[in-house]
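Visitor: What follows is a predicted protein model with its sequence.
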Amino acid sequence: MLLAAGVPALPGQRVLEAGCGSGAGFLCLAARVAGLAILAVERDAGLAALARANAAANGPAGRVEVIEGDVRDLTLARRLPPCDHAFANPPFWPGGTAPPEAIRRAATHEEASLADWARFLAAPLARRGSLSLILPAARLDAAMAALAAAGCGGTRLLPFWPRAGLPAKRVLLQTRRGGRGPARVDPGLVLHDAAGFSAAAEAILRDGAALPG
């Protein structure tokens with residue numbers, strides 16, 4: 001939901017999500033921004049079918065196309081129609097002990113690298129189109145390098161603080177295809193306070209607000 005809240009899409013634009021899983025990300029975006037044309041890519045056939053079913057049950061099914069494909073397939077990426085925005089919540093750990101369950105393992109441990117994800121998402125992007133990733137803060141260096149190598153720049157970094165004063169565990173990275181401006185660090189979002197979710201987080205999670213910036 002936080003990733004979808006950060007995509008700066010406008011009604012009538014086309015948006016690409018790679019690794020869409022069951023479709024929760026693009027459905028959250030579609031609920032916030034009406035009239036989008038959504039293109040989603042998912043490697044797992046069962047999850048792709050579930051994403052189509054979820055789109056039909058909960059969203060604008062006629063405006064959603066879910067394609068089975070792998071982000072390592074640049075030929076597929078280059079065949080996609082031009083997109084105004086692209087986003088993903090990619091698997092992020094290149095090593096370590098993977099979960100035994102296949103779905104959790106695929107969601108957390110890399111088979112395709114961050115460079116593969118960046119190249120795939122950038123390939124159909126229109127010039128100045130946005131590319132957004134949500135990742136652990138520990139993967140920031142690798143992600144910045146991957147996005148630059150894919151021809152994206154002018155990076156915006158938005159940290160998600162678990163609580164005020166604690167280090168950010170997750171960050172939103174957003175770049176522009178062909179962007180050349182300097183990187184910037186936004187104030188970020190504090191997710192929890194003494195009462196539970198912070199008011200700013202509640203506005204996104206409960207009310208469908210966009211991320212600031």
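Guide: Thanks, I have it.
Visitor: wait, what's in contact with residue 55?
Guide: By C-beta atoms under 8 Å, 6 or more residues apart in numbering, the contact list for residue 55 reads 23, 26-27, 38, 61, 64, 66. Every residue, glycine included, has its C-beta placed from N, CA and C.
Visitor: Show me the helices in this structure, by range?
Guide: Under the criterion DSSP state H, the chain contains helices at 2-6, 24-32, 45-58, 74-79, 102-108, 114-122, 140-149, 199-205.
Visitor: Show me how far the third one is from its chain's centre.
Guide: Relative to the centre of its chain, helix 45-58 is centred 18 Å away, using C-alpha atoms, centre = their mean, to the nearest Å.
Visitor: before we move on, what about the last one?
Guide: When C-alpha coordinates are averaged (C-alpha atoms, centre = their mean), helix 199-205 and its chain have centres 18 Å apart.
Visitor: Which positions in that helix come out as buried?
Guide: Buried residues in helix 199-205, counted by 16 or more other C-beta atoms under 10 Å: 200-201, 203-204.
Visitor: Now the buried members of the contacts of residue 55.
Guide: Neighbour counting by 16+ other C-beta under 10 Å classes 23, 26-27, 38, 64, 66 among those as buried.
Visitor: Among the residues you listed, which pair sits farthest apart?
Guide: Using C-beta to C-beta, the buried ones among the contacts of residue 55 reach their maximum pairwise distance at 27 and 66, which is 11.4 Å.
Visitor: was I right about residue 144 contacting residue 173?
Guide: Yes: with contact defined as C-beta atoms under 8 Å, residue 144 counts as touching residue 173 (7.2 Å).
Visitor: what is in contact with those two at once?
Guide: Common neighbours of residue 144 and residue 173, using C-beta under 8 Å, 6+ apart, are residue 155.
Visitor: Between these two, which has more neighbouring residues?
Guide: Neighbours were counted for residue 144 and for residue 173 using other C-beta atoms under 10 Å; residue 173 has more, 23 against 19.
Visitor: Spatially nearest residue to the more buried one, not counting backbone neighbours?
Guide: Closest residue to residue 173 apart from its sequence neighbours, by C-beta to C-beta, 6 or more residues apart in numbering: residue 133 at 4.8 Å.
Visitor: could you list every residue that touches the one you found?
Guide: Here residue 133 is in contact with 3, 87-90, 117-118, 143, 147, 172-174 (C-beta under 8 Å, 6+ apart).
Visitor: how about a markdown table for the residues you listed, with pLDDT and distance to residue 210 added?
Guide: Shown next, in a markdown table, are the contacts of residue 133 (pLDDT from 0 to 100; distance: C-beta to C-beta, whole Å):
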| residue | pLDDT | distance to residue 210 |
| --- | --- | --- |
| 3 | 95 | 12 |
| 87 | 98 | 13 |
| 88 | 97 | 18 |
| 89 | 95 | 17 |
| 90 | 92 | 22 |
| 117 | 97 | 23 |
| 118 | 97 | 23 |
| 143 | 94 | 22 |
| 147 | 97 | 21 |
| 172 | 97 | 12 |
| 173 | 96 | 17 |
| 174 | 97 | 12 |
